[in-house]
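coords please:
(chains A and B)
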Amino acid sequence: MIESLENAAQLTALFICLCVAVPRAFTNRSRAWVLLAFFFGSFMLGDLYWQACLIFYEDTPAVSVVSDVSWYASYVFLYMLLREVSPPEKIRKKSFFPYAGPVFAAGMAIFFMQWGKFFSNAVTGALMGLLLYASIIRLLPGNDTGSSRSLSLCVLLFCLAEHAVWTASCFWEYDTLLNPYYWFDIFVSLLFFFFLSAVKKAVKT
Amino acid sequence: MNYIENTYICLAAPLLLAILLLRRDGRRALLFLTAGMTACLLSAYVSSFTAGAIGMDLAMASHEISPVVEELMKSFPLLFYILIFEPRKEHAISATLLTAVGFATFENVCFLTAYGTKDLPRLLIRGFGTGAMHVMCGMAVSVGLYFLWEKIWLRAVGGFALLCFVITYHALFNILVNQTGAAFWIGSAVPLTMMLGYFLFLRKRIILS
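A predicted model of the protein is given here:
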């Protein structure tokens, strides 16, 4: 019950964000808004597909390729968005610190392989590593990423929260609000609204 | 027994002959319509083979295998066109939409041959619902390509992500139209409503081709 309610809340949050992003994408003809709209759309479709399988077939998808590809697409759109509002040419200062992102994602992917499938965890790990690297390097002091820093921060928090959600789902399975899985998933849902303001800020300047 | 390859030959023959006679835009349009129909035929084979190989029943295959295979097959003509002919953005966008239209047309013809032509309300829902869904998938790819065309890396990575996006949209549609009652009506109405919304509110903002 709690899971369905929480999923419904996340879907509602994504739908609201999508309704804000789509008109802006068409009005401003801005690539950043289009990418954000596709990010919301992909993530929402993945959630919807998963939820539809639970409702109509009372089970998770037998071959979870469809919902997985949708979430992969959302990560790809997010990476493209980050590169769009803060192009790599602006990044002058390099350091070893951003490599902590891919290392962390790879470690977590290996950890999750105990429960999930090898391929899907490997792809998710690679995409998450890419996102973490791209967001951390843009947050390094000295890099001239200006107004897109808040978007980089949102992406970093999103990646960490997603990892927290997956980790929580490995250890806690009880269906009450005391389950940390729900806290992190609600945090992810709230974070979607911050993406809107972060992109607005980045596109304005 | 439904011999879809025979149906395909009957439908594609006049189109193929017309392709020889037409020039430029007309030829390109018919070529992509035929490519869409061919993609539909091939995806029927690949989907049934994959479902049989995995041991999955038809209902499950319709939302777990078919969307992946169909959208991949639909993307091949466009991929070939972009890689070999390096077309202009407008031409690539029309190609995407026409392939989707060809695919939907042939799928509807197969549906007619399988279930007959008596039940008009059902055929209307099927024709417009599935047709709108395939066109919406084509439109999503077109809108994405429209904005991501400038740089090659954006086109490539974005193309992959767009493909993943439409696969899920297609799968969700298949789940809903395979149900009865409200879910079926919602599934059939959503693509049409989205298309109407696009025409009423957003078309003036972006002319695809």
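
pLDDT averaged over the helix or strand containing residue A:199 - what is it?
Counting by DSSP states H and E, the element that carries residue A:199 is helix A:180-204. The pLDDT scores in helix A:180-204 average 89.

from the contact counts, what lies against that helix?
Applying 3 or more Cβ pairs under 8 Å, 6 or more residues apart in numbering or on different chains; DSSP states H and E, we find helix A:180-204 packed against helix A:2-28, helix A:31-57, helix A:65-85, helix A:149-171. The C-beta positions use only the backbone N, C-alpha and C, and glycine is treated the same way.

how far does that helix sit from the chain's center?
How far helix A:180-204 lies from its chain's middle: 9 Å, per Cα atoms, centre = their mean, to the nearest Å.

let's have the helices and strands packed on helix A:180-204 in TSV, adding mean neighbour count, mean pLDDT and distance to residue B:185.
Putting the helices and strands packed on helix A:180-204 into TSV (neighbours: other Cβ atoms under 10 Å in any protein chain shown; pLDDT from 0 to 100; distance: least, Cβ to Cβ, whole Å) gives the following:
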stretch	mean neighbour count	mean pLDDT	distance to residue B:185
helix A:2-28	17	87	19
helix A:31-57	23	89	14
helix A:65-85	24	89	22
helix A:149-171	19	91	34
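
now render the ones you listed as a markdown table, adding distance to residue B:158.
Listed next are those as a markdown table, based on distance: least, Cβ to Cβ, whole Å:
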| stretch | distance to residue B:158 |
| --- | --- |
| helix A:2-28 | 14 |
| helix A:31-57 | 8 |
| helix A:65-85 | 6 |
| helix A:149-171 | 18 |
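
so which bits of chain A are right by chain B?
A:22-23, A:25-27, A:29, A:31, A:34-35, A:38, A:41-42, A:45-46, A:48-49, A:52-53, A:56-57, A:61-63, A:65-67, A:69-70, A:72-73, A:76-77, A:79-80 (Cβ under 8 Å from any Cβ of the partner chain).

now with 7 Å?
A:26-27, A:31, A:34, A:38, A:41-42, A:45-46, A:48-49, A:52, A:56, A:61-63, A:65-67, A:69-70, A:72-73, A:76-77, A:80 (Cβ under 7 Å from any Cβ of the partner chain).

contacts only, for the residue nearest the centre of chain A.
The centroid of chain A falls nearest to residue A:158 when counting by Cα atoms, centre = their mean (5.2 Å). Residue A:158 sits next to A:188, A:191 when contact means Cβ atoms under 7 Å, 6 or more residues apart in numbering or on different chains.

one more pass at 8 Å, please.
When contacts are counted by Cβ atoms under 8 Å, 6 or more residues apart in numbering or on different chains, residue A:158 touches A:78, A:131, A:188, A:191, A:195.

redo these as CSV? Include distance to residue A:92.
As requested, the contacts of residue A:158 are exported to CSV (distance: Cβ to Cβ, whole Å):
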residue, distance to residue A:92
A:78, 23
A:131, 21
A:188, 32
A:191, 28
A:195, 26
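
for those residues, pick the one with the most neighbours.
Among the contacts of residue A:158, the one with the most neighbours (other Cβ atoms under 10 Å in any protein chain shown) is residue A:78, at 28 neighbours.

right, and that residue touches residue A:152 too?
No: using Cβ atoms under 8 Å as the test, residue A:78 is too far from residue A:152 to be in contact (11.0 Å).

roughly how far does residue A:88 sit from chain B?
Residue A:88 sits 11 Å away from chain B, going by Cβ to the nearest Cβ, to the nearest Å.

tally of neighbours for that residue?
Residue A:88 has 10 nearby residues by other Cβ under 10 Å.

residue 104 is in what secondary structure piece?
As the question left the chain open, I've gone with chain A. helix A:100-112.

my question was about chain B, not that one.
Residue B:104 is located in helix B:89-115, with elements delineated by DSSP H and E.

what angle separates the helix or strand following that helix from helix A:65-85?
Next helix or strand after helix B:89-115 toward the C-terminus (DSSP H and E): helix B:120-148. Helix B:120-148 runs at 30 degrees relative to helix A:65-85, counting by axes from the mean of the first three to the mean of the last three Cα atoms, to 10 degrees.

near chain A at all, the helix or strand that helix B:120-148 is followed by?
Proceeding N to C from helix B:120-148, the next assigned helix or strand is helix B:152-177, under DSSP H and E. Yes: legend: contact between helix B:152-177 and chain A by Cβ under 8 Å from any Cβ is shown at B:154, B:157-158, B:160-165, B:167-169, B:171-172, B:175-176.

contacting residues for residue A:177?
residue A:2.

helix, strand or coil: sort out it for me.
Here residue A:177 is recorded as coil under DSSP: H, G, I helix; E, B strand; the rest coil.

and it, how far from residue A:189?
According to Cβ to Cβ, to the nearest Å, residue A:177 and residue A:189 sit 14 Å apart.

measure how buried the closest residue to residue B:37 other than its chain neighbours is and give me the count.
Spatial nearest neighbour of residue B:37, chain neighbours left out: residue B:106 (4.0 Å); criterion: Cβ to Cβ, 6 or more residues apart in numbering or on different chains. Residue neighbour count, defined by other Cβ under 10 Å, stands at 24 for residue B:106.

so who does residue B:106 touch?
Taking Cβ under 8 Å, 6+ apart, we find residue B:106 in contact with B:7, B:8, B:11, B:36, B:37, B:40, B:41.

hmm, which two among these are most spread apart?
B:7 and B:36 (14.6 Å; Cβ to Cβ).

between these two, point out the one with more neighbours.
Neighbours per residue (other Cβ under 10 Å) separate residue B:7 from residue B:36, with residue B:36 holding more: 28 against 17.

residue contacts, the more buried one?
Neighbouring residues of residue B:36 by Cβ under 8 Å, 6+ apart: B:74, B:77, B:98, B:99, B:100, B:101, B:102, B:103, B:104, B:105, B:106.

how close does it get to residue B:114?
Residue B:36 is 19 Å from residue B:114, by Cβ to Cβ.

returning to that earlier point: dump the contacts of residue B:36 to JSON lines, plus pLDDT and distance to residue A:88.
Formatted as JSON lines, those follow (pLDDT from 0 to 100; distance: Cβ to Cβ, whole Å):
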{"residue": "B:74", "pLDDT": "90", "distance to residue A:88": "33"}
{"residue": "B:77", "pLDDT": "89", "distance to residue A:88": "33"}
{"residue": "B:98", "pLDDT": "91", "distance to residue A:88": "36"}
{"residue": "B:99", "pLDDT": "92", "distance to residue A:88": "34"}
{"residue": "B:100", "pLDDT": "91", "distance to residue A:88": "34"}
{"residue": "B:101", "pLDDT": "91", "distance to residue A:88": "39"}
{"residue": "B:102", "pLDDT": "92", "distance to residue A:88": "40"}
{"residue": "B:103", "pLDDT": "92", "distance to residue A:88": "38"}
{"residue": "B:104", "pLDDT": "91", "distance to residue A:88": "40"}
{"residue": "B:105", "pLDDT": "91", "distance to residue A:88": "44"}
{"residue": "B:106", "pLDDT": "91", "distance to residue A:88": "44"}
